[in-house]
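1. structure for the following, please:
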Amino acid sequence: MNRYRMIAIYSMIFFGCTQAPTMHIYTLEVPSVETISTSPYKNKVIKIAFPYSLREQMNEKMHFSYSNSDYGSYMNSEWSNNISKLMQGTLIDVLSSSKLFKAVLASSSTLQANYRLESNIFTFEHRVRDKASYANVSIQFTLIDADTGTLVKSKRFSYTEATPTVDAKGYAIATNRVMYQLSQDLVSWIK
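-> All right, here's what the predicted structure looks like:
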């Protein structure tokens, strides 16, 4: 093989590798919620448990599905962190700003708490069906009395929000709309 041909092949490999598509990173925005002036939890502390899922993979990947059995992850788009960590941080921010509790902490805190909020994520994905495209989120919350270990209440929240575009960006926009509604509903449900 002649020298010029080797240089051309090397250049194609080198420059081809450096021309990879841009990775797009999206995050969950922290929605604003109303400040609650009177609450039975005003002098109580709550810990927000790390959200789990038995059905969904909880990582940075942005998942999509075309049917109940045809699904995947976007190659050049992802969440800014593990979706469980993003969700836990968002819940802590939302409940802190609502002033429902004296303090809102992560479950890793060593401070004793009066309550614990656990969550199980059933669905967190971009669903595309024919020409319809939407963010689909379904989460069950369980409020537990930390002193007795007994159930205070439990509720599942499910949302479907149309995406403005059929891509990861549209999915992120619609998911943040869902998070706004979920935050409002969660504060109303707890109070």
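2. how about the helices in this protein?
-> Under the criterion DSSP state H, helices of the chain are mapped to 3-18, 83-98, 168-190.
3. which helices and strands sit right next to the last one?
-> Spelled out, it's helix 168-190. Under the contact definition 3 or more C-beta pairs under 8 Å, 6 or more residues apart in numbering; DSSP states H and E, helix 168-190 sits against strand 24-26, strand 61-65, strand 71-79, helix 83-98, strand 115-129, strand 132-145, strand 150-162. Placement of C-beta: from N, CA and C, glycine included.
4. I would like the residues contacting the shortest one, please.
-> This points to strand 24-26. By C-beta atoms under 8 Å, 6 or more residues apart in numbering, the list of residues contacting strand 24-26 from outside reads Met62, Asn76, Ser77, Glu78, Trp79, Ser80, Ala168, Lys169, Ala172.
5. ok, now the second one?
-> By C-beta under 8 Å, 6+ apart, the surrounding residues in contact with strand 61-65 are 26, 56-57, 71-74, 77-79, 124-128, 168, 171-172.
6. just the buried residues of the residues you listed.
-> Those of the contacts of strand 61-65 that meet the buried threshold are 26, 56, 73-74, 77-79, 124-128, 168, 171-172, by 16 or more other C-beta atoms under 10 Å.
7. export the contacts of strand 24-26 to a markdown table and tack on pLDDT and distance to Val187?
-> Conversion of the contacts of strand 24-26 to a markdown table gives the following (pLDDT from 0 to 100; distance: C-beta to C-beta, whole Å):
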| residue | pLDDT | distance to Val187 |
| --- | --- | --- |
| Met62 | 92 | 27 |
| Asn76 | 93 | 35 |
| Ser77 | 93 | 30 |
| Glu78 | 95 | 29 |
| Trp79 | 94 | 23 |
| Ser80 | 95 | 24 |
| Ala168 | 95 | 29 |
| Lys169 | 96 | 28 |
| Ala172 | 97 | 23 |
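8. quick one: low-confidence parts of this structure?
-> Low-confidence segments of the chain, defined by pLDDT under 70, span residues 1-20.
9. residues contacting the nearest residue to Ile121 once chain neighbours are set aside?
-> By the measure of C-beta to C-beta, 6 or more residues apart in numbering, the closest residue to Ile121 outside its immediate chain neighbours is Ser53, 4.1 Å from it. Taking C-beta under 8 Å, 6+ apart as the definition of contact, the neighbours of Ser53 are Ser84, Asn120, Ile121, Phe122, Phe124.
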